[in-house]
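Participant: I'll drop the sequence and a predicted model, then ask my questions.
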Amino acid sequence: MIGLTLFVGVVIANYSENKGTALLTVDQRRWQDLKNRLKIAQPLHLPPRPENSRIRCFMYDVTQHIYFKRFVAFLVLANSSLLCYPWADDEDTSIGMSLASVSIVFTMLFMFEVVMKMIALTPKGYWQSRRNRYDLLVTALGVIWIFLFVFEKTFEHLHKTNVGNLPSEYKYTYGYLIIILRFFTITGKHATLKMLMLTVLVSMLKSFFIIMGMFLLIVFYAFAGVIMFGCVKHGENIGRHANFKTAWKAVEMLFRIVTGEDWNKIMHDCMVRPPFCTYIKHATYWETDCGNFSTALIYFCSFYVIITYIVLNLLVAIIMENFSLFYSSEEDALISHTDIRNFQNTWNIVDTNQRGVIPVRRVKFLLRLLKGRLEVDPEKDRLLFKHMCYEIEKLHNGEDVTFHDVLSMLSYRSVDISKSLQLEELLARQELEYIIEEEVAKQTIRQWLDKCLKRMRMKNQATSIITNLRKTNEQIMMRDQEAERREEKEREKAAAKKKVIIIPDRSPSAPGARKYLVPSLSEVTAGRKGDELKLRKRHTKLQQPGGKGLSNVTESVELDDVRGQDTPEQEVAARPIHLSSSTIEVKDWWKEVLTYESGSGDDE
């Protein structure tokens, strides 16, 4: 036994080495397990909660509640427990009728469950799930069985005769089959059972060629057994049901040996010798019913070792590998089952049509909704977010992406590729990421330049607008200034005609304004008195010795001028505007000079 155990260990080790898993690191094995797990993951195909109908909303909440699912699982187990007792009992038919009636009640409850889910999800949404299709198929078979069973019993009760179409054994067998099929529906209602069934299914798929090789080996040994032991006399273990007379009987016998049931006793029956068999001298091997010791020993020992200790152990190795794949702890796995489940729920929200594909533009929305290890923060990991979006866009050249495309991209971004990937895959992935980084950098620079150009264009447009406004304002101001200049010239012309002097107003209230001033009465009076005083002085100067008749004339003329002038009030009324005092002084000085020169000329 120790040697056989060591042999089994060597077989499993060689299988691992040939497959390549024995040479992988721990991180690489985890990555391989993760890829296999992601291949099996599928979208939920669960329509979103309806909002437009209150009845559908209520049905949706009820059917998706955890207690409802547990109640349905309990009904499945209770229905399966009906197989604990035989229904077709000739001694007591009432028990079979009672069990069949209870099965009918369970089938009606399952049919009510299907109706509730169809109302909540709509028939189209219900049909999208494979599990729902299987439930519908089993429920439909159950309804057919109910119809046949009730119809036959009703006909027998009315006519007091047996219909005779189907024996009771077949009817009950049909009911057994439906209960067994119903039992497999419970696997999709619990996570652990689902993982167990996935382990078995994946193991069968991976070991398909091994199973086919084992079947071919059994067929080969069956044909050899028919040739060598087809005429052996029946003994303790070789009889009417277990023998090598035909190929089909031989295959059944070898499958029995594969299970390990009394294979050594069958071998001893094939070693029978005279006098326990009929021996004919000089007869061929097939003309007697005796066996052969050496042939039987080699045949059965080789078959049992090859099948039991090699092929079956290879199947065990595959099952153990898949078992560790699905039942790895949450800490050891790179992406846990919870993360995959969260991604499935998030995908179910984005994939409104339940087709398993979404447009590329919705991937950004999907990435923002993810939580857990697959979460990507667009604010903190902005560059990583751009790389992921660009990778998805270029995956199918901008076309729709599938469930596994996005999940595979997230898995690569969630692990350390330098530790988890093998050499060839690592080089290919690094090259792809380098191309993505380069293209994203180009896009970023291009976008930045576009923004700069856009800002410059906007600035130029704003500058041109301001320049146009300024030109417009300058034109308006120039027109106003020209108008003011024209008005000012017109005023100066009018003032010159009226002998008006415009005196600027220096008051702070109107710094740039001009004001027309009219001399007051006091100013005119003061100017008149000053003129009289100046004339008196000149008169006194002219009356000095040496003066002759001209002085008298001048005096008289000037006095007449002074006397002939109007009063201040009359002068103001005649001249509305009086000249300034500086102008008057200049004129008076010029008159004095002329008078003095004329007086000196007369004296000479």
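Facilitator: Done, it's in.
Participant: low pLDDT regions in the stretch 201-350 of the chain?
Facilitator: 283-286, 324-333 (pLDDT under 70).
Participant: Name all residues that make contact with G225.
Facilitator: Listed by Cβ atoms under 8 Å, 6 or more residues apart in numbering, the contact set of G225 reads 244, 250, 253-254, 299. In this view, the C-beta of every residue, glycine as well, is placed from N, C-alpha and C.
Participant: any idea which of these is closest to F223?
Facilitator: Taking Cβ to Cβ as the measure, F223 lies nearest A250 of the contacts of G225, at 7.4 Å.
Participant: Test my guess that that closest one contacts F244.
Facilitator: Yes: between A250 and F244 there is a contact under Cβ atoms under 8 Å: 4.7 Å.
Participant: Now the common contact residues for these two.
Facilitator: The contact sets of A250 and F244 overlap at 222, 225-226 (Cβ under 8 Å, 6+ apart).
Participant: Tell me the first helix or strand C-terminal of the helix or strand harbouring F58.
Facilitator: Applying DSSP states H and E as the criterion places F58 in helix 54-63. Heading C-terminal from helix 54-63, the first helix or strand you meet, by DSSP H and E, is helix 66-80.
Participant: helices or strands next to that next one in the packing?
Facilitator: helix 93-127, helix 168-183 (3 or more Cβ pairs under 8 Å, 6 or more residues apart in numbering; DSSP states H and E).
Participant: Can you list the buried residues in that helix?
Facilitator: Within helix 66-80, the residues that count as buried by 16 or more other Cβ atoms under 10 Å are 72-73, 75-76, 79.
Participant: To F365, which of the helices and strands packed on helix 66-80 lies closest?
Facilitator: Closest approach to F365 among the helices and strands packed on helix 66-80 (Cβ to Cβ): helix 93-127, 21.6 Å.
Participant: V360 is in contact with E399, correct?
Facilitator: Yes: E399 is within contact range of V360, at 7.3 Å (criterion: Cβ under 8 Å).
Participant: Looking at those two, which has the bigger crowd around it?
Facilitator: Set side by side, E399 and V360 show more neighbours around V360, with 17 against 10, by other Cβ atoms under 10 Å.
Participant: E393 is in contact with the more buried one, correct?
Facilitator: Yes: if you go by Cβ under 8 Å, V360 and E393 touch, sitting 5.4 Å apart.
Participant: So the most centrally placed residue in the chain, which state does it fall into?
Facilitator: Closest to where the C-alpha atoms of the chain average out (Cα atoms, centre = their mean) is L366, at 1.2 Å. With DSSP: H, G, I helix; E, B strand; the rest coil as the basis, L366 sits in helix.
Participant: do the same with G239
Facilitator: With three-state DSSP as the basis, G239 sits in coil.
Participant: burial measure for it, as a count.
Facilitator: 10.
Participant: Distance check, it against V232.
Facilitator: 11 Å (Cβ to Cβ, to the nearest Å).
Participant: what does C270 give?
Facilitator: According to Cβ to Cβ, C270 stands 6 Å off from V232.
Participant: list residues touching both of the two?
Facilitator: Common neighbours of C270 and V232 are listed as 238, 291 (criterion: Cβ under 8 Å, 6+ apart).
Participant: For N132, which residues are in contact?
Facilitator: N132 makes contact with 117, 121, 126 under the criterion Cβ under 8 Å, 6+ apart.
Participant: Tell me the predicted confidence for it.
Facilitator: N132 is assigned a pLDDT of 87 by the prediction.
Participant: Quick check: buried residues in the helix or strand it falls within?
Facilitator: Counting by DSSP H and E, the element that carries N132 is helix 130-159. By 16+ other Cβ under 10 Å, the buried positions in helix 130-159 come out as 132, 135-136, 138-139, 141-143, 145-146, 148-149, 152.
Participant: Mind picking the lowest-pLDDT entry from these?
Facilitator: E152 (70).
Participant: Next one: that residue relative to G96, how far apart?
Facilitator: 13 Å.
Participant: Check A496 too.
Facilitator: A496 sits 140 Å away from G96, going by Cβ to Cβ.
Participant: Compare neighbour counts for the two and give me the winner.
Facilitator: Neighbour count, other Cβ under 10 Å: between A496 and G96, G96 has more, with 19 against 11.
Participant: Confirm for me that the more buried one is in contact with W87.
Facilitator: Yes: the pair G96 / W87 is scored as a contact, 3.9 Å apart, by Cβ under 8 Å.
Participant: Now do the shared contacts for the two.
Facilitator: Overlap of the contact sets of G96 and W87 (by Cβ under 8 Å, 6+ apart) consists of Y172.
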